[in-house]
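3D, please:
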Amino acid sequence: MTLDAVARTAGVSPATASRALNGTTRVRDELLRRVRAAADELGYIPNAHAQALASASNNTVGVICHDVADPYFAAIASGIMASAAERGVLVMLASTFRAPEREIAYLSMLRAQRARAVLLIGSGFQDPAWERALDAELTPYLRGGGRVAVVSRHRSLRVDTVLPENRAGAAALARALLALGHRQFGVLSGPGRLTTVADRLAGFRQGLAEAGVRLADGRVVEGAFTRDGGYEAASELLRRGPRPTCVFAVTDVMAVGALAAFRDHGLRVPEDISLAGFDDIPLVRELTPPLTTVALPLTGMGRAALDLALREPRGPRSRVERIVGEVRVRASTAAVG
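Predicted coordinates:
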């Protein structure tokens with residue numbers, strides 16, 4: 001998009017448009033508002049360096065994730081990095097720490113940098129205001145030739161997507177735990193506004209319901225998507241009583257915290273209480289006992305996201321690559337005695 005197009009839309013001369021956007025000379029407030037509104041409408045970003053980056057030589061990809069210190073996101077990012085290195089692509093990585101407004105801000109920055117592609121790694125938010133703000137940033141970026149791919153479910157986005165089958169995976173895990181004889185369950189849940197949490201919790205409920213088992217609301221404890229969040233949620237679940245025979249943590253990281261909490265409360269896993277997670281981050285195979293979980297090919301998901309974003313020729317429609325999780329029953333769960 002050119003400066004001349006912005007000037008025509010605003011009804012001013014190119015010189016006036018340039019002064020308004022660059023701030024080199026004082027421009028009347030009315031003209032300034034018109035020029036800025038036209039620039040926003042057309043997706044024009046007044047940055048000479050960014051315009052240079054917009055050329056075909058730009059090989060920068062922006063990756064926005066919730067928290068790169070989380071092993072789930074680190075594994076996905078490693079797949080992106082490996083694929084990017086093979087392509088000679090530079091990756092800029094940012095963590096939002098699950099703050100929706102920070103995700104929007106980072107996307108705006110990457111749009112200003114004219115990144116060749118942007119990857120959004122992590123759950124969407126069940127928040128209409130956030131969805132509108134995200135769409136307002138993505139639409140001009142895509143219209144200007146930018147590429148976008150996401151990992152996980154974003155309800156309103158029509159972009160290339162790597163979609164873990166979270167609901168189906170959690171339902172399959174519920175069936176595996178039911179097969180061990182468990183009927184009394186607790187769930188350690190992350191923030192309910194995250195689509196990943198909603199899907200995994202709904203899938204687990206569905207799997208239990210198929211066997212006529214109901215998960216009471218009081219048996220679901222929400223916590224942060226962290227090791228400490230899992231520890232605190234597991235402790236709260238035990239305080240509520242009665243103690244379930246099996247606990248499902250919606251992420252492996254929360255399950256690691258839950259394992260520590262159970263031990264601190266004098267409980268043995270799995271002799272006194274069984275524990276399962278979701279994701280199969282590398283750490284959980286080394287725990288004592290190793291964690292039952294739903295395995296996702298995390299590194300492969302990262303590669304797939306970059307492949308979708310940079311695919312040539314670019315297709316007329318967005319693509320969805322569905323990732324099926326595999327239940328891995330390990331020593332953290334045992335049959336009910």
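
neighbours around P164, how many?
25 (other Cβ atoms under 10 Å). In this view, the C-beta of every residue, glycine as well, is placed from N, C-alpha and C.

make sure it is actually in contact with L296.
Yes. With contact defined as Cβ atoms under 8 Å, P164 counts as touching L296 (5.5 Å).

overlap in contacts of the two?
By Cβ atoms under 8 Å, 6 or more residues apart in numbering, P164 and L296 have these common neighbours: I323, G325.

residues in contact with E321?
E321 neighbours (Cβ under 8 Å, 6+ apart): T161, V162, L163, A304, L308.

helix, strand, or coil at the last one?
When classified by DSSP: H, G, I helix; E, B strand; the rest coil, L308 comes out as helix.

how about the backbone phi and psi for the nearest residue to it once chain neighbours are set aside?
Leaving aside its chain neighbours, L308 sits nearest to D160 (3.9 Å; criterion: Cβ to Cβ, 6 or more residues apart in numbering). Backbone torsions for D160, taken as degrees, to the nearest 10, come to phi -60, psi 140.

got the contact list for D160?
So D160 contacts R147, V148, A149, V150, A305, L308, A309, R311, S318, R319, V320 (Cβ under 8 Å, 6+ apart).

again, only using 10 Å
Contacts of D160 were listed using Cβ atoms under 10 Å, 6 or more residues apart in numbering, and they are 117, 119, 147-150, 304-305, 307-311, 314-315, 317-321.

ok, it to P71 distance?
25 Å (Cβ to Cβ, to the nearest Å).

pLDDT wise, what is P316 at?
Note for P316: predicted pLDDT of 67.

ugh, typo on my part, it should be S55
For S55, pLDDT reads 44.

below-threshold pLDDT in the stretch 151-300 of the chain: ranges please.
Where the stretch 151-300 of the chain drops to pLDDT under 70, the residues are 155-156.

give me the phi and psi for Y231.
phi -60, psi -50.

ugh, wrong one, I meant V150
phi -130, psi 150.

that one contacts A117, correct?
No. Look at V150 against A117 with Cβ atoms under 10 Å: they stay out of range, at 11.4 Å.

next one, pLDDT for R33 please.
83.

that one: which element?
Following DSSP states H and E, one finds R33 within helix 29-42.

what does that helix rub up against?
1-3, 5-13, 16-21, 23, 26-28, 44-46, 136, 140, 143-144.

from A15, how far out is P297?
55 Å.

give me the more crowded residue out of those two.
When neighbours are counted by other Cβ under 10 Å, P297 and A15 differ, and P297 comes out ahead with 18 against 11.

R193 and V148: what is the separation?
22 Å.

higher neighbour count, the two?
The neighbour comparison of R193 against V148 (other Cβ under 10 Å) goes to V148, with 24 against 15.

backbone phi and psi for the more buried one, please?
The phi/psi pair for V148 (degrees, to the nearest 10) is phi -140, psi 140.

repeat that for the one 4 residues further on.
Per-residue torsions, S152: phi 100, psi 180 (degrees, to the nearest 10).

so it touches L163, yeah?
Yes. The pair S152 / L163 is scored as a contact, 7.1 Å apart, by Cβ under 10 Å.

what residues are up against W130?
P100, E101, E103, I104, G124, H154, S156, R193.

so what's the residue count around R319?
Around R319 there are 12 residues (other Cβ under 10 Å).

now it. Nearest residue, chain neighbours left out?
D160 (5.2 Å).

which parts of the stretch 151-300 of the chain are strands?
Applying DSSP state E, counting those that start in this stretch to the stretch 151-300 of the chain gives strands spanning 160-164, 185-189, 220-222, 246-249, 274-276, 293-295.

how about those strands in JSON lines, adding distance to M109?
Output for those, formatted as JSON lines (distance: least, Cβ to Cβ, whole Å):
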{"stretch": "strand 160-164", "distance to M109": "21"}
{"stretch": "strand 185-189", "distance to M109": "32"}
{"stretch": "strand 220-222", "distance to M109": "31"}
{"stretch": "strand 246-249", "distance to M109": "34"}
{"stretch": "strand 274-276", "distance to M109": "39"}
{"stretch": "strand 293-295", "distance to M109": "34"}
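
winner for burial among the ones you listed?
strand 246-249 (a mean of 31; mean count of other Cβ atoms under 10 Å).

do you know which of the strands of the stretch 151-300 of the chain lies nearest A331?
Closest to A331 of the strands of the stretch 151-300 of the chain, according to Cβ to Cβ: strand 274-276, at 9.9 Å.

related to what we said a few turns ago, of the contacts of W130, which is the most crowded?
That'd be E103 among these, by other Cβ under 10 Å, with 25 neighbours.

alright, I will stop here.
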